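Student: Predicted model, plus sequence, below.
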Amino acid sequence: MSGHGTPIPMIAHRSSGLAGTADVPGDKSISHRSLILGAMAVGETVVTGLLEGQDVLDTAKAMQAFGAEVTRDQDGTWHIHGVGVGGFAEPDQVIDCGNSGTGVRLIMGAMATSPITATFTGDASLNKRPMARVTDPLALFGTQSVGRSGGRLPMTIVGAVEPLPVRYTVPVPSAQVKSAVLLAGLNAPGQTIVIEQEATRDHTERMLEGFGATITTEVTDEGRVITLEGQPELRPQSIDVPRDPSSAAFPVCAALITEGSDILVPNIGLNPTRAGLFTTLREMGADLTYENEREEGGEPVADLRARFSPNLKGIEVPPERAASMIDEYPVLSAVAAYAEGQTVMRGVKELRVKESDRIEAMATGLRTNGIEVEDGEDWWIVHGKGYGNVAGGATCASHLDHRIAMSFLVLGLASNAPVRVDDGGPIATSFPIFEGLMADLGADIRREG
């Protein structure tokens, strides 16, 4: 069953000649952070290009519940009138973050050092996900949390009345945990220091600097040491959100495996902490080029051109690249099915605790479509069959996970028999225009029933 209403079964048929321009939505990570930091600034932040998927809309509602004024113009421009660092009001109702692990964890961090109490919940998928990875470091500030067994939602967070500055080493690579601690540190006196041994996406650090916070990053023997000066007055910003590289992954990968394809995906954020998939695809022999490289709002941006690539080769993806492409491993595994030889992915245990166990979900679905897969706790290997040799024909479970659903639909665009997913409904949480965009490019993806 879907956590988003009645299940929406979908099917992908073998297609050819994908062509045109794929205007993918705004970056989800930057969209969440724009709303949260806008709410913590003093004055009006104006955001264009915001991703209007359900995950981000839930964050917008949460910021309203904490006292910020959040409005949207008819042309899609968003306005956030912030309440300042430490200015959050106590919400009257439970904060429902839907399907968004990013949203709930960042919001918990943002309110954790204010003397208020808030209760968080989500859909069936989010309520299974671990929150202790965030609530444990937040407790160091003086925050209290009470949730279900295993540190799961629904959960009540009692903000610290007299927060303490924190020095915290992130135990596993996680931009969400790092960001939650930094957001909590905004309302703590002195310096909050976060140390990460492997670099993760740095949108929070870039955006904090843009909003006027004093934040530095130093590479030491301990790892990346990020130091934030607490209790700044954040300045409102005008933000033009780049297009989401995680969303771009799906039309790009579809073009690479679909005969005769040539598509352009403009204005994609190429932050080096996010662009690992595109580097990996090029190493596999993909005809993927960057055009019009530039910088916008402190983020590197380019237009991506992706063409059919029938001679892809399996590779071993460097484990240290995992943090820069963790959400893209499912669709990479679909592409790997069409490569010659093994694609080896290691250091990916984070995939076990996403919206679903993404290793298990993809391995099971690929096997039912005729692909050999080996997997362990933090690794998996896809034995590619080369272009034209993927059987397809199976129905795959999406497990309430948007990326699993889209990855199998991409797989079906080049398989010998159609590939179905049991529920495409969750796709709307991150990529609400996926169906229309893929249809405009020429992909044969349909709803069933």
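Tutor: That came through, no problem.

Student: Could you pull up the residues touching His13?
Tutor: 412-413, 418, 444-446 (C-beta atoms under 8 Å, 6 or more residues apart in numbering). (Glycine included, C-beta is placed from N, CA and C.)

Student: pLDDT score assigned to it?
Tutor: His13 is assigned a predicted lDDT (pLDDT) of 98.

Student: how close does it sit to Ile445?
Tutor: The gap separating His13 from Ile445 is 8 Å, by C-beta to C-beta, to the nearest Å.

Student: Which neighbours do the two have in common?
Tutor: Joint contacts of His13 and Ile445 (C-beta under 8 Å, 6+ apart) are 412-413.

Student: Tell me how far stretch 155-169 lies from the chain's centre.
Tutor: Its chain's C-alpha centre and that of stretch 155-169 lie 25 Å apart, by C-alpha atoms, centre = their mean, to the nearest Å.

Student: Ala443 and Ala414 touch, don't they?
Tutor: No. At 10.4 Å, Ala443 does not count as touching Ala414 under the criterion of C-beta atoms under 8 Å.

Student: which neighbours do these two share?
Tutor: By C-beta under 8 Å, 6+ apart, Ala443 and Ala414 have these common neighbours: 15, 258.

Student: which residues touch Phe141?
Tutor: Contacts of Phe141 by C-beta under 8 Å, 6+ apart are 112-113, 160, 163-164, 166, 184-185, 188.

Student: could you redo the last one with a cut-off of 10 Å?
Tutor: 109, 112-113, 159-160, 162-166, 168, 181, 184-185, 187-188, 192 (C-beta atoms under 10 Å, 6 or more residues apart in numbering).

Student: One more: Gly285?
Tutor: 256, 309-315, 339-340.

Student: Report pLDDT for it.
Tutor: pLDDT, Gly285: 98.

Student: Spell out the secondary structure type for it.
Tutor: When classified by DSSP: H, G, I helix; E, B strand; the rest coil, Gly285 comes out as coil.

Student: how's this protein carved up into domains?
Tutor: 10-26+243-447, 28-229 (automatic domain parsing).

Student: Adding neighbour count, write the contacts of Gly285 out as JSON lines.
Tutor: JSON lines is the format used below for those (neighbours: other C-beta atoms under 10 Å):
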{"residue": "Leu256", "neighbour count": "28"}
{"residue": "Ser309", "neighbour count": "22"}
{"residue": "Pro310", "neighbour count": "14"}
{"residue": "Asn311", "neighbour count": "12"}
{"residue": "Leu312", "neighbour count": "24"}
{"residue": "Lys313", "neighbour count": "15"}
{"residue": "Gly314", "neighbour count": "20"}
{"residue": "Ile315", "neighbour count": "18"}
{"residue": "Ala339", "neighbour count": "27"}
{"residue": "Glu340", "neighbour count": "15"}
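
Student: How many neighbouring residues does the closest residue to Pro189 other than its chain neighbours have?
Tutor: Closest residue to Pro189 apart from its sequence neighbours, by C-beta to C-beta, 6 or more residues apart in numbering: Gly230 at 5.3 Å. By the measure other C-beta atoms under 10 Å, the count of residues near Gly230 is 21.
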